[in-house]
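> This is the structure alone, sequence omitted:
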């Protein structure tokens, strides 16, 4: 993160420099990593087993504390190896598809489920993306009362003071947030200076249950959220693009023109392309304020491109990311 | 967690057994731990410094990789010591106030900001609470599209399959969730069998921005969310209490009667008592379906009771938790 420069300007600069509006979603599943990551992790598992054989021998003795220790060692081994597999997979995905992208979007849930070593893997993946010149957009959709939102802000894009020195957060360039708790709950997130992409209309079918609910004025709830987002954040002086963005599900492209009307200077994060059924060519209105006005996020359609296209996973991922990049660049 | 028994029945049994409806919120700040935890962590910091002196000596050499390593060691030391402080603080808080409580509610943001070692601290605190006979209610207010909600479900109250064995989650008895993304996004969380406390009306001032918004039928959005929550989850056959609960901000007690009307069998989690200004005596309607119908959550008012009441932090915390327990028990 470059704290001095407003996020809208940083995003605009990055999109121009990388000639890409594609955001590489990282939603790793330890059971579906690429073969090379699987092999490296298998080798690590063998090493760990050699190291812990003695421990396990003692741990699996009939006494109950030993059995507990055995289970703990087994869980630690699985978490350590799975996290290493996930980190290797994400690094390889970044190396393959990253050159066609402007940012990575790690899905926090996929790292949280790996336990403590998952947080180490996430830090490693974030560092690798940054070294590759990519912005880092953490996808956790956090939302909580102000005092707790401030703690999330420290974790995502700040630091936590302690008597033993500051604990660094992830220094994310941007992250996603949930607006249900209102403006005071978003304020500590916005105050980080990172880009905040607020949920406005998501791409899942259930989004109709709440986000499409009609309010007393006749407009759906998501239009109210759009108004709230439009009023937040400062435009970058160079780009005119706001620091507070919107998650705008691309599965309902007819919404995009209306969203752009309500949020003329807001960068849109457009998920739902590819695996979730969205069509990148329908995204035109997103790019009205400039190419950085629409970020096209794709995860499984890139990471699992080889299941459709055949070939090596890395080659298929690179080609799919490049294809998306060209289509989006041609629109904006 | 006892997966066979529906959450409504497990909660009802726990409330009766502990004669308490108090939920001990754990929102630890490494800069505000109790003195004994601070001293233990200071001692650990000295040990770590002795261990890493050699590393630091090499790491702070003028070469750039060394400086990077020095910063990394510093961050690792701060995270390790702060996490140890937080774990010791929470264990002491559980030992002091836990006997007057039915559950603990760790605030995930407060552990996330500590880095990888914060996840280890959280697992330790969860285990300690469970050994003390308390339910564990993880407060993360997660909400995401179905595929991601399933990953959160694995982390909170399930396990993640991997080629190297299953990665255990936190086995939470219950957790909080955000309903903005609709029913399909809640479904994987409900399917865990753990209790799911869905945000309906929070206690922060900004909640008025979105949750109080009037819908086309004339009712505020939170009433619509209440209807959605009422339709989710199964009642426990023994207690009649639903497995899906509601977060019902206690700072607006006039809402509680209406919430109870809309959600007759839903357990309410009532935050905002104490530090956030709520009054426990105004919570009557919450307890209509029985004592387990209303869980009174308090964090800072217990952990920091000595700043008002004087005396040792543990004694003041124990007295405040006991006081809350008696007031709530007298109501329900």
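Yep, it's here. Every value quoted in this text rests on a predicted model; they were computed, and no experiment measured them.

> drop to CA atoms for contacts and neighbour counts, all remaining ones
Fine.

> Now do the contacts for residue A:118.
Going by Cα atoms under 8 Å, 6 or more residues apart in numbering or on different chains, residue A:118 touches A:79-80, A:83, A:111-112, B:116.

> tell me the SS of it?
helix (DSSP: H, G, I helix; E, B strand; the rest coil).

> Helices along chain A, start to end?
Using DSSP state H, the helices found in chain A span residues A:7-18, A:35-59, A:64-97, A:108-112, A:116-131, A:146-157, A:183-190, A:207-210, A:221-231, A:254-262, A:300-303, A:305-309, A:313-331.

> could those be laid out in CSV, adding mean pLDDT?
Formatted as CSV, the helices of chain A follow (pLDDT from 0 to 100):
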stretch, mean pLDDT
helix A:7-18, 98
helix A:35-59, 82
helix A:64-97, 89
helix A:108-112, 98
helix A:116-131, 97
helix A:146-157, 98
helix A:183-190, 98
helix A:207-210, 94
helix A:221-231, 97
helix A:254-262, 91
helix A:300-303, 95
helix A:305-309, 92
helix A:313-331, 95
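
> Straight-line length of stretch A:100-110, end to end?
Taking Cα to Cα, to the nearest Å, the first and last residues of stretch A:100-110 lie 23 Å apart.

> That one near chain B at all?
Yes - contact of stretch A:100-110 with chain B (Cα under 8 Å from any Cα of the partner chain) involves A:107, A:109-110.

> picking up where we left off before, quick one: which of the contacts of residue A:118 is nearest residue A:72?
Of all these, residue A:79 has the smallest distance to residue A:72: 10.4 Å, by Cα to Cα.

> quick one: the closest one and residue A:272, what's the gap?
Distance, residue A:79 to residue A:272, using Cα to Cα: 30 Å.

> now residue A:118
Shown here: residue A:118 relative to residue A:272, a distance of 25 Å by Cα to Cα.

> hang on, the earlier thing: quick one: closest of the helices of chain A to residue A:238.
Closest to residue A:238 of the helices of chain A, according to Cα to Cα: helix A:7-18, at 6.0 Å.

> Chain neighbours aside, what residue packs nearest to residue A:265?
Counting by Cα to Cα, 6 or more residues apart in numbering or on different chains, residue A:265 lies nearest to residue A:241, which is 5.1 Å off, once chain neighbours are set aside.

> Apologies, that question was intended for residue A:153.
Closest residue to residue A:153 apart from its sequence neighbours, by Cα to Cα, 6+ apart: residue A:189 at 5.3 Å.

> Go ahead and confirm the one you found touches residue A:148.
No - contact criterion Cα atoms under 8 Å: residue A:189 and residue A:148 do not qualify, at 10.3 Å.

> Who has more neighbours out of the two?
Taking other Cα atoms under 10 Å in any protein chain shown, residue A:189 and residue A:148 do not tie; residue A:189 has more neighbours (29 against 20).

> Now for the more buried one: which residues touch it?
Residue A:189 is in contact with A:149-150, A:152-153, A:196, counting by Cα under 8 Å, 6+ apart.

> Look up how far residue A:236 lies from residue A:4.
Look at residue A:4 and residue A:236: by Cα to Cα, they are 11 Å apart.

> More neighbours: which of those two?
residue A:236 (19 against 8).

> Thanks again, I'm all set now.
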